[in-house]
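Colleague: Attaching a predicted model along with its sequence, questions to come.
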Amino acid sequence: MKAICLLCTAALLAAASFPALAQTAPAQHLPGAVKVAVGVNGVWLDGPVTDFAKDAEAGAVVSASLTPHVSAVGHGFYGFDGKYVRYDGEARVTATDVNDPNFNVYLGLRYRSGSTNAVRPSEWAPDAGVGWKPNPAWKHVIIGADAGYGLTTKNLISYAALRWQF
Amino acid sequence: MTFLELLTKYLGLALPNTPSVADVLKAIEAKFPDSKPLLDVALAGLAAPIDVAALAAAIPPELLSALKGRIDQRYHSGDAI
């Protein structure tokens, strides 16, 4: 937990100190509906067979808004304690309040896998989550949470997220 | 622009390799011949050209702006999670 708090604090300080990063990132040249974000997670794994209960991760997310309510998202994250790489691709149905476009909820279906037994085997996992831009003045900072239930392992992988979106 | 084209464009319903609505209606008509008069009306309505500009002019500006904002909402903060 201490590692998670340190990572989150470091990420927030980095976000406040490097606004110019957003101006020069390659994602600047992507079509408007494609986004790239980097960030950290506090992640918890709960299920019948677990190699770890919690961890801190860092990684990236690439997303494409296909229609106003459908997005395709891919994740890749490294877990520091478990020394694993966890990755997935998913399709989501999203809902955003037109009066508050900074708050968004979604339901999705992802295909997830990883580099160690803790985050394997590859499996389908329905998931749900929420994303929120807490301060519109911090236009690149997003926080949120997600939980996905593996249909094969019956493992629930949930995480709290902090992101810098380019 | 027909009503079907309007639906397809603004609600993101365009899906490749799916039967058209007209094809579906014709399949229903083949199975239920008595429904032909109703289906003919439905087909004519779908194929009828729509004056989008006149339709937009009839909608109050505030409602049109709100509708457009909702339809055009492509940014989802949750996509970064």
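Modeller: Noted; the coordinates are in hand. Numbering: from 1, shown residues only, chains lettered A, B, ... in the order given.

Colleague: and the residue nearest to residue A:34 when sequence neighbours are not counted, what is it in contact with?
Modeller: Leaving aside its chain neighbours, residue A:34 sits nearest to residue A:64 (4.8 Å; criterion: Cβ to Cβ, 6 or more residues apart in numbering or on different chains). Quick note: C-beta positions are derived from backbone N, CA and C, even for glycine. Under the criterion of Cβ atoms under 8 Å, 6 or more residues apart in numbering or on different chains, the contact list for residue A:64 reads A:33-35, A:71-73.

Colleague: ok, now residue A:103?
Modeller: If you count contacts by Cβ under 8 Å, 6+ apart, then residue A:103 has A:96-97, A:130-133, B:77 around it.

Colleague: Could you measure from the residue nearest to residue A:34 over to residue B:39?
Modeller: Distance from residue A:64 to residue B:39, counting by Cβ to Cβ, to the nearest Å: 38 Å.

Colleague: and the residue nearest to residue A:34, how far is that from residue B:79?
Modeller: Summarising the geometry, the distance separating residue A:64 from residue B:79, computed by Cβ to Cβ, is 8 Å.

Colleague: With residue A:46 instead?
Modeller: Relative to residue B:79, and taking Cβ to Cβ, residue A:46 is found at 25 Å.

Colleague: quick one, which of those two is more surrounded?
Modeller: residue B:79 (29 against 14; other Cβ atoms under 10 Å in any protein chain shown).

Colleague: What residues does chain A have near chain B?
Modeller: Proximity of chain A to chain B is confined to A:32-33, A:35, A:37, A:39, A:61, A:63, A:65-71, A:73, A:92, A:94, A:96, A:98, A:101-106, A:129-133, A:142, A:144-146, A:161, A:163, A:165 under the rule Cβ under 8 Å from any Cβ of the partner chain.

Colleague: quick one: which of the residues you listed sit in strands?
Modeller: In strands, judged by DSSP state E, the following of the residues of chain A next to chain B are found: A:35, A:37, A:39, A:61, A:63, A:65-67, A:70-71, A:73, A:92, A:94, A:96, A:101-106, A:129-132, A:142, A:144-146, A:161, A:163, A:165.

Colleague: what stretches of chain A score poorly on pLDDT?
Modeller: For chain A, residues meeting the criterion pLDDT under 70 lie at A:1-32, A:48-51, A:98.

Colleague: Return every residue with contacts to both of residue A:64 and residue B:79.
Modeller: Taking Cβ under 8 Å, 6+ apart as the contact rule, the neighbours common to residue A:64 and residue B:79 are A:35, A:71, A:73.

Colleague: out of the residues you listed, which one sits closest to chain B?
Modeller: residue A:71 (5.1 Å; Cβ to the nearest Cβ).

Colleague: measure the closest one to residue A:125 for me?
Modeller: Taken as Cβ to Cβ, the span from residue A:71 to residue A:125 is 16 Å.

Colleague: same thing with residue A:43?
Modeller: Using Cβ to Cβ, which is the criterion applied here, residue A:43 is 14 Å from residue A:125.

Colleague: Then residue A:141?
Modeller: Looking at residue A:141 against residue A:125, where the rule is Cβ to Cβ, the gap reads 27 Å.

Colleague: follow-up on the earlier one: please indicate which of the residues of chain A next to chain B are buried?
Modeller: Neighbour counting over these (16 or more other Cβ atoms under 10 Å in any protein chain shown) leaves A:35, A:37, A:39, A:61, A:63, A:65, A:67-71, A:73, A:92, A:94, A:96, A:101-106, A:129-133, A:142, A:144-146, A:161, A:163, A:165 as the buried ones.
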